[in-house]
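J.: When you get a sec, could you give me coordinates for this:
(chains A, B, C and D)
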Protein chains: 4
Amino acid sequence: MNASLGIGLIGTGYMGKCHALAWNGVKAVFGDGAKPRLVHLAEVNADIARTKADEFGFAKSTGDWRQLIADPEVDVVSVTTPNAFHAEMAIAALEAGKHVWCEKPMAVALADAERMAAVARASGKVAVLGYNYIQNPLIRHIGALLEQGAIGTVNHVRFEMDEDFMADPEALFYWKSEASSGYGALDDFGVHPLSLIHSLFGPVSRVFAHLSKPYADRPTKEGKRRAVETFDIASILFEIGAGISGVMALDRSAWGRKGRIAVQIFGSRGTIVYDQERMNEVQLYTVGDRPTEQGFRTILTAPHHAPYDRFIPAPGHGLGFNDLKIIECHEMLNAIAGKPARVIGFDEGLVIERTVHAMAQSHHEGRWVSL
Amino acid sequence: MNASLGIGLIGTGYMGKCHALAWNGVKAVFGDGAKPRLVHLAEVNADIARTKADEFGFAKSTGDWRQLIADPEVDVVSVTTPNAFHAEMAIAALEAGKHVWCEKPMAVALADAERMAAVARASGKVAVLGYNYIQNPLIRHIGALLEQGAIGTVNHVRFEMDEDFMADPEALFYWKSEASSGYGALDDFGVHPLSLIHSLFGPVSRVFAHLSKPYADRPTKEGKRRAVETFDIASILFEIGAGISGVMALDRSAWGRKGRIAVQIFGSRGTIVYDQERMNEVQLYTVGDRPTEQGFRTILTAPHHAPYDRFIPAPGHGLGFNDLKIIECHEMLNAIAGKPARVIGFDEGLVIERTVHAMAQSHHEGRWVSL
Amino acid sequence: MNASLGIGLIGTGYMGKCHALAWNGVKAVFGDGAKPRLVHLAEVNADIARTKADEFGFAKSTGDWRQLIADPEVDVVSVTTPNAFHAEMAIAALEAGKHVWCEKPMAVALADAERMAAVARASGKVAVLGYNYIQNPLIRHIGALLEQGAIGTVNHVRFEMDEDFMADPEALFYWKSEASSGYGALDDFGVHPLSLIHSLFGPVSRVFAHLSKPYADRPTKEGKRRAVETFDIASILFEIGAGISGVMALDRSAWGRKGRIAVQIFGSRGTIVYDQERMNEVQLYTVGDRPTEQGFRTILTAPHHAPYDRFIPAPGHGLGFNDLKIIECHEMLNAIAGKPARVIGFDEGLVIERTVHAMAQSHHEGRWVSL
Amino acid sequence: MNASLGIGLIGTGYMGKCHALAWNGVKAVFGDGAKPRLVHLAEVNADIARTKADEFGFAKSTGDWRQLIADPEVDVVSVTTPNAFHAEMAIAALEAGKHVWCEKPMAVALADAERMAAVARASGKVAVLGYNYIQNPLIRHIGALLEQGAIGTVNHVRFEMDEDFMADPEALFYWKSEASSGYGALDDFGVHPLSLIHSLFGPVSRVFAHLSKPYADRPTKEGKRRAVETFDIASILFEIGAGISGVMALDRSAWGRKGRIAVQIFGSRGTIVYDQERMNEVQLYTVGDRPTEQGFRTILTAPHHAPYDRFIPAPGHGLGFNDLKIIECHEMLNAIAGKPARVIGFDEGLVIERTVHAMAQSHHEGRWVSL
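T.: Have a look, this model is predicted:
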């Protein structure tokens, strides 16, 4: 991590800004390595590109992302555009010899994800997906607890992911309701719990899914109604390996849920419970206490949960969502430096994509699908 | 409800005492009708029967439940024995012209439940099952909110029921791990969420279930290990009518969960969340507020939520589990008096049993089963 | 506890019914001793007395409470009338050779409370005050934890009691706003935290109080406004013994609080947190855990917390407010039977009353008052 | 905010890094103004200064803070050293014509704080204190709700601030137990709730305080014990203006509390509750709902609560502690640019300091002290 890396960022929306903040902050937070240079920012509208480059601190801007990829000063490319563009951009960047940090999911079509993984493998470059929730120090700590056998052998898990940005039945039809955007909650949300499952347990072995539509149609700008083509709700049974049964429920029309990723992990000696909406808390129940004092304990993130200590030396003061991206950025830098890194690379990402597509297949065929 | 009813109680365990407390307290709480007379108590051990009759306030006791049923002073029979005895006792009581209040589930075998329902229908007597969770004033209030359209049209529901009395892998093998006791969590727990579903929404239309065993075997008293025959975990997808998708997760080996029945109901205009472990609270989210003040509100049970007012005139002071049985007892008395009553009778109970058996069938066949 | 005691009940309101339910249920719940006989019920309106006697199961009724006290069949008298009547009734009952179970607080005037205690002492009868919150199995368990040193030496405590029945500024002026009813929140609420303090720690040694009025006046039925004479808010600093500093905040106009009694106990090795609105939960933090797993654990009431097991054999199912009165009733019976009993008798109650009056004095004089 | 400001930072500890992250991130988050240039970093150890300058991204470093203040490239000085140095550094910086952003509290001695305020006033420069908790978008929103009358007229407030870094009685004696560090919890913690009170309500009018020591002495490195000179616990009654009564409880030896700042605000039409340990949530209760649906609603921070939207466009994803400093930094820049700014300047800070000293005086004199 000695030589300063030149950073290119494609996209300036929600995740674009999140990447920019991470690249900008990672050195000051972690202190190691050379501070990345914010070299080039691409955004389809060249004017916006220029404005955002100024805001985010990038030296150059362009309305043509291929110019960014052609820039020899750029060593790493952040891809934060809509999913439909991931494959083309990531592949071009890898083929141009850049490392790639691409937002999730990999692509709408499985074939595109497969191509991305193949190109990444051939390139020898670091190719990482933006699964930031696994970077929460408490999620890492859950991993450590599981490894240490704190709750014994895990036999059952439940994952829920819910938000309400599609909850209003009278919200206008937009691209997320078009089939071209994917299946719906299944790929839009499902990949996040799957990233946690991969990070904590390993791959899913078989799935059974049911997709449903809360609203059959939505109003259009023209004052008509258009049939909804995607499924805002997905309910899934699954197994991890031979021994862990699982339930997953996804809903992007769940009124009142804003960023819920609820996790329940049951083992032979205890239980772990987590909810992303309270991302600085984890609940742990372990046997062995006196029966009169048994109970779930609420653990607040503390400096003992690395790398929280890089942000704040006092416990219980709280990380934010954007901090997770800074940690992810640091792991990306670790990977580039050849150090051990906690990331989900394109190969592992492809396993996640295949799991999502197997779920969709299961829904259509009404049967379990093995992976 | 004018003439005083003579009560017979079979069984003196967990639910036996719960019924006794209910029969003893219902008049003082509700004030209407004649106070039931605690006439006869049966328990296989005649000595225990005598002791418990004194404790609970029953005039007579017997070691032979058939004597109780033959007692002309007995008008209503509470059946609180293990599930395997429900059918024989309930049928005998109905055939002897008694009203029957039978603990859930109806029976292990579907054929027995069908016989019970048929006899009840033929008897003209009141035959009610002990689904006490539906009696919580807040569950009733959830029903009222749904009827009033407070959260619009419901499109998705989730139910979880978890306890940890089977969670210790080294607990001795006992009858709940034998196939003769039923499927496991599916019937032991599943009937409770199903009673709520029936009470709030109506019957389930199709199911897909997966049953699993957290522990393959358990130690025996003889120091050996015996294979577990029942499934302590059940994961189910289901639909209610044509439009509501559902997820149900049941686990009687879930460390740390003591009496959890977690309910999430998602509608087109809001969401309702409930957990039996905090049975005096319900969470309600509805749209229409200013965006800056949107959030789940925590509603504490209050006198406005009838019949809480019969217990306590001040809000937020809290009902207990046993109070639900007193409410159920009062509904049973309403039914006997020919008044409107919120109960789950044998016919509705049979629908619940059929749903459970369909779930088991689905597990074995790996496909959706319609009802 | 062998001979059956005859019970007389004066008052049929909130606490009257609560006592009736307790006398009616105590034998079935606890199983020991003889079932109390509900002999006589008094209520100023003879018609209501008759109706309530039928509802609650009392054999006789009267509109003249002196008849009840004169009744030789009555062994114990429950006094549940407004505070202004406590002294006269309790003293008459004690002088008639009855045991007395009197609702809190003892009296409005300190002199009355002193007379009550003196008469009780002279009578040799059991005289107990209705401080039911100390009967919660979890409050008892907090006491056990403190005795066992689970949180080390206590150095600081905080108590809050809040409800909102006086919160509406436009609610009509009624007797609770008249000076004749007492000081306001100080005596109406303060005695409850004080009962917990006495039960858990012992007497308060000095106090500093500030009383305040959220609303200067209230509307009257006649359409005018009348100045409020009592203080709906009380804020108090205090010390227990030489070493424990304390804060107490009382508010009966606290919108949204329904039955809050929030307790925080800080010790040299841990902390205990409790809130009556979630009366089946206690939070315990103790040092000694690994730093990565430190946190408050939420303990649900379980059979290990006696006498919860007398109500329900399964953990986490929840007691209700009325169950606390049944436990208190059983302790009263223990006291009458000469057994160890966890009650607050008139002498200890008098200490509580003196503490309240010292608080009022402190408010008026703007200085610490020692006890 | 057009010309880029040169930043000097004195101190590299907890708050030093927090300022560095804020100066580094503020432009990318807010997008407006010129990006501040990180010019000079001072730290008593010149080697550490050099290392930290590299980490944090400062161009120059020094072991002598006076060199930093003499640096003409520096326009703004962040003072994050121990409290004892604030006065000297802040005054020197102001006198050198720099803007000053000084961590709280102003100084140990009131006379120093008074000098700081006088110099700031004379300088015409911006002088701001690091009261970051007021910058939480939800605290701002509480302010907006109060202004809008959402909970009517406020009549009572409660503030608690608790951490446990001094909770271990066997932790070694260090400077925070020396009288030279101040009073203890009173100034160490009390200024934070006071900053919220000032921000939300205005100045405190009178106070009554009681300070206490949980542990009389502590072990020293030499194996002896030394008497503790500061008070780790402070309990305070106070009034705001003529109408609001308040309670404040501060404890830096409160096991299990990590960053608790609990706020309760009671008004004539509702109640607001907040806890810094869950800094992305606020509880709001307002009357006017149907009685059956009254309850506290839990509001998660959302883009509607500016400037959360500058960090994340999706609701409920969570800000962290460090983000508050970025907001504060932006307000500091606003102040320098002559725009409206939500900051606590030295004059308002002085009022806070005077309030703290009045509390200490009250403790010593056992009486109310007016301000």
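
J.: Quick check: phi and psi at the closest residue to A:V128 other than its chain neighbours.
T.: Nearest residue to A:V128, sequence neighbours excluded (Cβ to Cβ, 6 or more residues apart in numbering or on different chains): A:V343, at 4.5 Å. The way it works is simple: take the backbone N, C-alpha and C, and place the C-beta from them, glycine included. Main-chain torsions, A:V343, degrees, to the nearest 10: phi -140, psi 160.

J.: Check A:C329 too.
T.: Residue torsions, per degrees, to the nearest 10, at A:C329 are phi -60, psi -40.

J.: And A:A337, by the same measure?
T.: Dihedral angles (degrees, to the nearest 10) for A:A337: phi -80, psi 0.

J.: Can you get me a residue count around it?
T.: A:A337: 15 surrounding residues under other Cβ atoms under 10 Å in any protein chain shown.

J.: Helix or strand: which one has the residue in the stretch 51-200 of chain A that chain B sits nearest to?
T.: Nearest to chain B, among the residues of the stretch 51-200 of chain A, is A:N155, at 3.7 Å (Cβ to the nearest Cβ). Here A:N155 sits within strand A:154-162, counting by DSSP states H and E.

J.: Give the rounded mean pLDDT of that strand.
T.: Averaging pLDDT along strand A:154-162 yields 98.

J.: I'd like the next helix or strand past it.
T.: Trace forward from strand A:154-162 with DSSP H and E and the next one is helix A:185-188.

J.: any low-confidence regions in chain A?
T.: Along chain A, segments meeting pLDDT under 70 span A:1-2, A:289.

J.: let's see it at 80
T.: A:1-3, A:242, A:289 (pLDDT under 80).

J.: So it: which segments form each domain?
T.: Annotated domains of chain A cover A:6-125, A:133-370 [automatic domain parsing].

J.: So is the shortest one next to chain D?
T.: Yes - contact of domain A:6-125 with chain D (Cβ under 8 Å from any Cβ of the partner chain) involves A:13-14, A:17-18, A:20-21, A:24-25, A:27-29, A:31, A:35, A:55-57.

J.: and of the residues you listed, the nearest to A:S195?
T.: Nearest to A:S195 out of the residues of domain A:6-125 next to chain D is A:C18 (Cβ to Cβ; 16.0 Å).

J.: The strand holding A:N155 and chain D in contact?
T.: No - counting by Cβ under 8 Å from any Cβ, chain D is not contacted by strand A:154-162; separation bottoms out at 10.2 Å.

J.: Pairing partners for that strand, with directions?
T.: Strand A:154-162 has the following sheet partners, assigned by DSSP bridges: strand A:244-251 (parallel), strand A:260-267 (antiparallel).

J.: Buried residues of that strand, list them for me.
T.: The neighbour-count check on strand A:154-162 (16 or more other Cβ atoms under 10 Å in any protein chain shown) flags A:V154, A:N155, A:H156, A:V157, A:R158, A:F159, A:E160, A:M161, A:D162 as buried.

J.: For chain A, which residues are neighbours of chain C?
T.: A:141, A:144-145, A:150, A:284, A:291-300, A:302, A:304-305.

J.: quick one on the thing from earlier: what about the residues of domain A:6-125 next to chain D, which are in helices?
T.: A:Y14, A:K17, A:C18, A:A20, A:L21, A:N24, A:G25, A:K27, A:A28, A:V29, A:E55, A:F56 (DSSP state H).

J.: Return the closest of those with respect to chain C.
T.: Looking across these and measuring by Cβ to the nearest Cβ, the closest to chain C is A:V29, at 20.9 Å.

J.: The closest one against D:L21, yeah?
T.: Yes - counting by Cβ atoms under 8 Å, A:V29 touches D:L21, with 6.7 Å between them.

J.: report the longest helix in chain A, please.
T.: Chain A, longest helix under DSSP H: helix A:346-365.

J.: Report all helices and strands that it contacts.
T.: If contacts are counted by 3 or more Cβ pairs under 8 Å, 6 or more residues apart in numbering or on different chains; DSSP states H and E, helix A:346-365 sits against helix A:110-123, strand A:127-129, helix A:185-188, helix A:191-200, strand A:204-212, strand A:233-240, strand A:369-370.

J.: chain center to stretch A:230-242: distance?
T.: 17 Å (Cα atoms, centre = their mean, to the nearest Å).

J.: Can you say which of the ones in helices among the residues of domain A:6-125 next to chain D are buried?
T.: Counted by 16+ other Cβ under 10 Å, these give A:K17, A:C18, A:A20, A:L21, A:N24, A:G25, A:K27, A:A28, A:V29, A:E55, A:F56 as buried.

J.: which pair in those spans the largest distance?
T.: Between any two of these, the greatest separation by Cβ to Cβ is 19.9 Å, found for A:V29 and A:E55.

J.: thinking again about what came up before, just give me the closest of the ones in helices among the residues of domain A:6-125 next to chain D to D:A109.
T.: Nearest to D:A109 among those: A:A28, at 33.8 Å, using Cβ to Cβ.
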